[in-house]
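Chemist: quick check, what structure comes out for this input:
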Amino acid sequence: MEYRNAVQADVPLLAEINRQLIEDEWEGTSMSIQRLEQRMSRWLEDGDYRAILFLENGATVAYSLVSVDEDDSAFIRHFFVLREHRGAGVGRRAMQTLLRDIIPPTARVTLDVLASNAGGHQFWKSVGFRDYAIRMERVPSADAAAESGSGDAGPAA
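Modeler: As a prediction, this is how the structure comes out:
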């Protein structure tokens with residue numbers, strides 16, 4: 001597997017991959033391509049994240065957005081295998097490349113997996129990650145329902 005750092009010219013591709021990631025992970029949630037392009041462009045410009053494109057036979061097969069802090073820690077914000085390349089070991093090969101060539105071997109690596117993503121959770125365990133914490137959220141619409149005392153998300157009568 002080969003890889004390369006994404007550059008500003010890759011922003012449209014990165015935005016499209018990120019759109020697919022959002023579709024797969026957050027049902028009913030979407031962002032415009034323009035907003036995704038702006039976000040990706042900002043991440044590349046700021047230098048807080050490094051976008052990596054993984055290639056096989058010249059084709060992009062996976063992508064990762066990672067932040068490496070010195071040599072002691074790294075955070076994988078995004079990791080995505082393009083749909084047409086899933087089930088063939090691409091994710092495992094990309095992760096091996098990421099951990100061998102991009103993230104220092106001495107770094108503590110963290111990432112978030114949505115509780116609803118059982119396949120992702122299984123994948124991450126299979127490549128050596130373990131459960132570390134549970135991040136909780138409180139959804140704004142639930143807050144509004146609680147404040148109204150109606151017990152549902154609809155308007156109070």
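Chemist: just want the most central residue of this protein.
Modeler: Centroid-nearest residue in the chain, with Cα atoms, centre = their mean: residue 78, separated by 2.0 Å.
Chemist: list the contacts of it.
Modeler: Counting by Cβ atoms under 8 Å, 6 or more residues apart in numbering, residue 78 touches 18, 21, 63, 64, 65. To be clear about C-beta, it is placed using only N, CA and C from the backbone, and glycine gets the same treatment.
Chemist: what about it, distance to residue 128?
Modeler: 19 Å (Cβ to Cβ, to the nearest Å).
Chemist: repeat for residue 122
Modeler: Taken as Cβ to Cβ, the span from residue 122 to residue 128 is 13 Å.
Chemist: quick one: low-confidence ranges for this protein?
Modeler: Filtered on pLDDT under 70, the chain yields the residue ranges 26-30, 71, 142-157.
Chemist: out of the contacts of residue 78, which is nearest to residue 101?
Modeler: Residue 101 lies nearest to residue 64 out of those, by Cβ to Cβ, at 11.6 Å.
Chemist: ok but that closest one is inside a strand, no?
Modeler: Yes: counting by DSSP: H, G, I helix; E, B strand; the rest coil, residue 64 falls inside a strand.
Chemist: ranges for the helices of the chain?
Modeler: Along the chain, the segments classed as helices by DSSP state H run 11-25, 33-46, 90-97, 118-126, 140-148.
Chemist: got the buried residues for the second one?
Modeler: It refers to helix 33-46. 36, 37, 40, 41, 43, 44 (16 or more other Cβ atoms under 10 Å).
Chemist: got a list of contacts for it?
Modeler: The contact list for helix 33-46 (Cβ under 8 Å, 6+ apart) reads 6-8, 11-12, 14-16, 18-19, 31, 49, 51, 65.
Chemist: what of stretch 101-117?
Modeler: Here stretch 101-117 makes contact (Cβ under 8 Å, 6+ apart) with 3, 25-26, 50, 52, 66, 68-69, 71-77, 79, 99, 120-121, 124, 129, 132, 134-135.
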